[in-house]
Structure formats: C-alpha cells, structure tokens
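K.L.:
predicted coordinates and the sequence they were generated for:
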Amino acid sequence: MLFLEPYLAASHKALISGLTRHVRARWQIWAMPGRFFRWRMRGGAACLAGELGKKRPEADGLICSSMLNLAELKGLAPWLAGLPSLVYFHENQLTYPAPGGVDQEQKKKDLFLGVSNITSALAADIVVFNSRFHRDQFLGAVDELMFSVPDFGLKDAAKVIQAKSEVLPVPVDMSPKPEVNSRQGALRLIWNHRWEHDKDPEAFFDALFALADQGLDFKVAVLGQRAARWPGIFDEAPAVLGKRLVQMGPAEPYQSYLDWLKWGDLVVSTAKQEFMGLAVAEAVLAGARPLVPDALAYPEFYAKRFRYQTGELAKALSRFCKDPALARSEDWTRFAVRFTWQVQKNAWQETINRLLG
C-alpha cells in the first residue's frame with residue numbers, strides 16, 4: 001500500500017504513524033516535510049511523481065491526503081492511475097479561513113487550492129473525512145462553488161463525492177488510564193494548538209488577561225507547534241501573565257508533551273477552524289476536562305456542558321478558577337475513548353480491505 005504525503009506534520013504525521021502500527025498492509029510511505037503548504041499543494045504531485053518514477057514501486061493501492069492533487073498525480077504517473085485510491089481530508093482549502101490581511105488577489109489564487117481538493121476527491125475511489133461536520137461543510141462548499149462558476153459547473157460533483165465518502169477520525173495512539181484528578185491548588189490550563197490565526201490565540205490570551213486583571217489564580221501551559229510567523233499575542237503574553245505562565249512553546253520529546261497534558265486540569269480550544277480537534281482529544285485522553293467552542297466539529301464529539309458560547313470564554317474560565325475542583329471531579333478520559341486506535345482500528349482495517357477489494 002502506497003501512502004503519499006506531501007505535508008508530513010501534525011495530524012498528517014500522526015495518521016501515517018498509527019496506520020503503519022495498527023492496520024495490516026505492506027506499507028510504503030513517500031513523504032515530504034510539512035512546510036510551505038501552498039507549494040506542497042501546487043507542486044507536491046509533480047515532485048512525488050518524479051521521485052516515484054525513479055523506482056516505480058509495486059503496490060496494490062494508493063492513499064494520499066487532500067494536500068496532494070490526486071488527479072495530477074495520476075496524470076503524471078500513469079503507472080499508478082489504475083490503482084484503487086483513497087484520499088483523506090484532514091482539512092480542505094474551500095472552507096479554511098483566510099488570515100487577516102490577506103488581499104482579494106491572494107484569496108482568488110487560494111481558491112484554486114480548493115479546486116484541487118475537488119478534483120482529488122473526484123479522482124479517488126474512496127474519500128474519507130475526519131468528521132461529519134467536515135464532510136458536510138466541504139460538500140456544501142463544493143455545491144456553492146460549482147453553481148457560481150461562469151460556465152461548465154460540475155453541478156453533480158458534490159453528489160458524486162458524497163456517494164463514495166465516509167467518516168473516520170485520525171485516531172490517537174494513547175491508552176487512557178481512568179482516574180479522577182485529586183490534586184489541589186490553582187487551576188491548571190492547557191492550550192496545545194498550532195500557533196496560527198485559525199486557532200484564535202488572541203481570544204485565549206484575552207480571556208487569560210481578563211482573569212489576571214481580576215486577580216484570579218491559575219497556571220497555564222501553552223504548547224503546540226510554532227508557525228514560521230506566529231501572531232504577536234504570543235510575544236505579549238509572558239509579560240502580562242508572569243509566573244502564571246509555566247510553559248511557552250512546544251514540549252519535546254513527545255513524552256514531555258504527554259507529561260504536560262497529564263499536568264493539566266482543563267484543555268481549552270478557541271479555534272475558528274476545526275475539522276476534528278486532535279489536540280483536544282489528546283489532552284482529554286491524558287485526563288484534562290475539555291472546554292471548547294459551541295461550533296465547528298466540537299458538537300459532534302463533546303456534550304453541551306463542555307462547550308461555551310462565543311464571547312463567554314472568560315466567564316467560563318472564571319468559574320473554574322474560583323473552584324478548580326469542578327475540573328477535577330470526573331474521569332474525563334471516557335469522553336475521548338472514541339478517538340483511540342483501540343476503538344477505531346477495526347473500522348480503518350475494513351476501509352483499507354475494501355479499497356484493496
């Protein structure tokens with residue numbers, strides 16, 4: 001089984017690592033480093049086709065992420081065109097929010113990245129999304145685009161893609177140990193997301209600054225992958241939060257990251273874009289209580305009591321700061337067991353078997 005990944009980072013990397021460990025197949029991984037995503041989406045198919053052409057590996061099937069234009073790959077590497085193929089959507093470029101300051105010309109250029117997602121899905125035999133929310137949002141955007149183009153709109157594209165679609169999350173390679181948190185002291189907060197605009201770090205830090213202004217006691221560990229250019233709020237936070245900020249930046253190696261997750265009482269998301277929420281799932285499996293927006297993919301996975309309304313984060317956090325026991329009152333791991341490989345591996349194995357026929 002060939003797995004082609006032009007962007008080996010974060011959930012893309014986690015999925016490949018888990019599949020090769022838990023799903024039976026003769027895996028061959030061809031990957032490129034997870035950086036320069038626009039170039040990867042525009043040039044990844046040509047680059048990988050060139051590398052594959054040097055060795056022409058034998059395979060029974062082909063998997064790629066939506067960062068690769070599968071239709072282009074099949075055209076550039078025709079010896080692969082007959083293989084049954086699956087494309088996995090970690091994210092899509094039709095509904096991905098543009099960062100502030102992006103001009104209209106760049107948005108028009110990026111629209112073609114979304115078109116690349118559509119052609120990849122049309123070229124695949126199976127299309128897998130990481131959540132129902134993601135699938136439905138993408139298919140709605142496909143319909144909207146195809147009915148707005150000047151002519152020759154592929155008006156049945158969404159139906160064609162939907163007919164071969166299914167939903168399988170990126171499983172987490174963790175084995176939770178159910179236990180109730182019995183620690184004492186100040187509330188411990190975790191924010192473990194990419195340092196990018198779509199995770200809305202400003203909303204998180206603004207809430208923390210408000211708590212600090214009220215004199216409330218808490219500790220916070222800010223983890224996650226740094227972007228090449230991260231929002232300025234990350235540079236402002238240490239001076240404002242002082243000793244309340246106990247970790248600022250990625251925790252490496254991976255065991256150190258897990259230790260920080262186990263340290264936390266409450267994991268917070270402020271995402272403006274989230275198709276599944278791998279970082280939150282990891283923290284919940286480590287024992288943290290989730291506090292997530294009442295939007296995006298979160299209602300699919302977390303009950304109402306774990307969600308907050310827009311503009312209500314500081315209020316919700318204030319309640320936990322005043323009574324940290326509220327975040328330590330249950331075994332939270334049970335709310336994310338669905339994301340583990342123990343639960344998901346059979347479904348993944350069935351999908352791979354079906355792909356191979």
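P.N.:
Received it, and whenever you're ready, just let me know what you need. Numbering: from 1, shown residues only.
K.L.:
give me the helices and strands touching the strand or helix carrying V128, please.
P.N.:
Assessed by DSSP states H and E, V128 sits inside strand 126-129. Applying 3 or more CB pairs under 8 Å, 6 or more residues apart in numbering; DSSP states H and E, one finds that strand 126-129 contacts strand 85-89, strand 165-167, helix 341-356. Using the backbone N, CA and C atoms, a C-beta is placed for each residue, glycine as well.
K.L.:
and P178, what are its phi and psi?
P.N.:
phi -60, psi 130 (degrees, to the nearest 10).
K.L.:
what about the nearest residue to it once chain neighbours are set aside, how many residues nearby?
P.N.:
Nearest non-adjacent residue to P178, counting by CB to CB, 6 or more residues apart in numbering: D331, 4.5 Å away. D331 is flanked by 13 other residues according to other CB atoms under 10 Å.
K.L.:
ok, D331 touching E179?
P.N.:
Yes. At 6.1 Å, D331 counts as touching E179 under the criterion of CB atoms under 8 Å.
K.L.:
list residues touching both of those two?
P.N.:
G287 (CB atoms under 8 Å, 6 or more residues apart in numbering).
K.L.:
what's the pLDDT at R35?
P.N.:
Note for R35: predicted pLDDT of 93.
K.L.:
using the three-state scheme, assign it.
P.N.:
coil (DSSP: H, G, I helix; E, B strand; the rest coil).
K.L.:
neighbours of it, how many?
P.N.:
Using other CB under 10 Å, R35 is surrounded by 11 other residues.
K.L.:
and for P33?
P.N.:
Residues near P33, counting by other CB under 10 Å: 10.
K.L.:
quick revisit: what's the angle between the next helix or strand after the strand holding V128 and strand 85-89?
P.N.:
Downstream of strand 126-129, the first helix or strand assigned by DSSP H and E is helix 132-146. Angle of helix 132-146 versus strand 85-89, following axes from the mean of the first three to the mean of the last three CA atoms, to 10 degrees, is 100 degrees.
K.L.:
what packs against helix 132-146?
P.N.:
Using 3+ CB pairs under 8 Å, 6+ apart: helix 132-146 touches strand 85-89, helix 104-123, helix 157-163, strand 165-167, helix 298-301.
K.L.:
could you export those as TSV, including mean pLDDT and distance to R354?
P.N.:
TSV is the format used below for those (pLDDT from 0 to 100; distance: least, CB to CB, whole Å):
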stretch	mean pLDDT	distance to R354
strand 85-89	99	9
helix 104-123	85	17
helix 157-163	98	14
strand 165-167	99	10
helix 298-301	98	24
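K.L.:
mean neighbour count, the ones you listed: which tops it?
P.N.:
strand 85-89 (a mean of 24; mean count of other CB atoms under 10 Å).
K.L.:
contacts for that one?
P.N.:
Under the criterion CB under 8 Å, 6+ apart, residues 15, 61-66, 68, 70, 74, 117, 120-121, 123-130, 134-135, 138, 275, 351, 355 lie in contact with strand 85-89.
K.L.:
doesn't W195 make contact with F234?
P.N.:
Yes. Using CB under 8 Å, F234 makes contact with W195 at a distance of 5.9 Å.
K.L.:
so what's V337 up against?
P.N.:
Counting by CB under 8 Å, 6+ apart, V337 has contacts P176, L285, V343.
K.L.:
how near is the nearest residue to the last one once chain neighbours are set aside to E202?
P.N.:
Okay, so that is V343. Excluding its sequence neighbours, the residue lying closest to V343 (CB to CB, 6+ apart) is V337, at 6.1 Å. Here the distance between V337 and E202 works out to 32 Å (CB to CB, to the nearest Å).
K.L.:
still on that earlier bit, just the pLDDT at the residue nearest to V343, thanks.
P.N.:
pLDDT, V337: 96.
K.L.:
could you list the domains of this protein?
P.N.:
2-173+341-356, 187-338 (automatic domain parsing).
K.L.:
end-to-end on the last one?
P.N.:
Which is domain 187-338. Using CA to CA, to the nearest Å, one end of domain 187-338 lies 27 Å from the other.
K.L.:
ranges for the strands of the chain?
P.N.:
Under the criterion DSSP state E, the chain contains strands at 2-8, 28-33, 62-65, 85-89, 126-129, 165-167, 187-191, 218-222, 245-248, 266-268, 289-293, 307-308.
K.L.:
direction included, what does the last one pair against?
P.N.:
Spelled out, that is strand 307-308. strand 289-293 (parallel) (DSSP bridges).
K.L.:
and the strand it pairs with with strand 187-191, angle?
P.N.:
For strand 289-293 against strand 187-191, the angle by the same axes, to 10 degrees is 50 degrees.
K.L.:
okay, buried residues for strand 289-293 please.
P.N.:
By neighbour count on 16 or more other CB atoms under 10 Å, the buried set for strand 289-293 is R289, P290, L291, V292, P293.
K.L.:
correct me, but the third one touches E312?
P.N.:
No. In this structure, L291 is not within contact of E312 by CB under 8 Å, at 10.4 Å.
K.L.:
re earlier: any common contacting residues for F234 and W195?
P.N.:
Residues touching both F234 and W195 by CB under 8 Å, 6+ apart: P201.
K.L.:
more neighbours, those two?
P.N.:
For F234 versus W195, neighbours defined as other CB under 10 Å are more numerous around W195 (21 against 18).
K.L.:
count the residues that sit near the spatially closest residue to that one that is not a sequence neighbour.
P.N.:
Using CB to CB, 6+ apart and skipping the chain neighbours, the partner closest in space to W195 is W230 (4.0 Å). W230 has 16 neighbouring residues, counting by other CB under 10 Å.
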